[in-house]
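A.B. asks: just a sequence and a predicted model for now, questions to come.
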Amino acid sequence: QVQLVESGGGLVQSGGSLRLSCATFGIDHTTYCLSWFRQAPGKERELVASICGVSGTTEYKDAAKGRFTISRDNGKTTMFLQMNDLKDEDTAVYYCRARGLWDPRRYDYWGQGTRVTVSS
């Protein structure tokens, strides 16, 4: 059974850092694209960053470039999002998503989310 479990959210001051984790169960990272999404109050869910397949190719939303880093561990069971220089607009619930590279409509899983609040 596939399960994604996020952790690491919390309250942080503007300019601070947080590291989010997504523990994955039941999937092979080399055949999935793993992503972080976020949803701010009153806004649609949006992509933050992705890391995909064997090569671990990464992609970042413009607002995340230069401040956030997506990675996964060598055991390929956990994905991370290192967030530095956090801003008020980064306040959101952050979700982990796993989509199968070969059949993304069938193999599409979400975590329950972890809340990040940035205060100035």
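C.D. replies: Alright, I've got the coordinates.

A.B. asks: and the pLDDT at the residue nearest the centre of the chain?
C.D. replies: Computing the C-alpha centroid of the chain and ranking residues by Cα atoms, centre = their mean puts residue 36 first, at 2.3 Å. If you check residue 36, the pLDDT there is 98.

A.B. asks: show me what whichever helix or strand it is part of is packed up against.
C.D. replies: Residue 36 belongs to strand 32-39 when assigned by DSSP states H and E. Under the contact criterion of 3 or more Cβ pairs under 8 Å, 6 or more residues apart in numbering; DSSP states H and E, strand 32-39 touches strand 18-25, strand 46-52, strand 78-83, strand 92-100. For every residue, glycine as well, the C-beta is placed using N, CA and C.

A.B. asks: partners of it in the sheet?
C.D. replies: Strand 32-39 has its sheet partners listed here by DSSP bridges as strand 46-52 (antiparallel), strand 92-100 (antiparallel).

A.B. asks: and the residue nearest to the centre of the chain, bridged to which residues?
C.D. replies: Under the criterion used (DSSP bridges), residue 36 bridges to residue 49, residue 96.

A.B. asks: please apply the same query to residue 69.
C.D. replies: residue 82.

A.B. asks: what separates it from residue 84, distance-wise?
C.D. replies: The spacing between residue 69 and residue 84, counted by Cβ to Cβ, to the nearest Å, is 8 Å.

A.B. asks: what do you get for residue 104?
C.D. replies: Separation of residue 104 from residue 84 (Cβ to Cβ) stands at 30 Å.

A.B. asks: again with residue 65
C.D. replies: Residue 65 is 12 Å from residue 84, by Cβ to Cβ.

A.B. asks: re earlier: more neighbours, residue 69 and residue 84?
C.D. replies: Taking other Cβ atoms under 10 Å, residue 69 and residue 84 do not tie; residue 69 has more neighbours (16 against 13).

A.B. asks: contacts only, for residue 117.
C.D. replies: 10, 11, 12, 91 (Cβ atoms under 8 Å, 6 or more residues apart in numbering).
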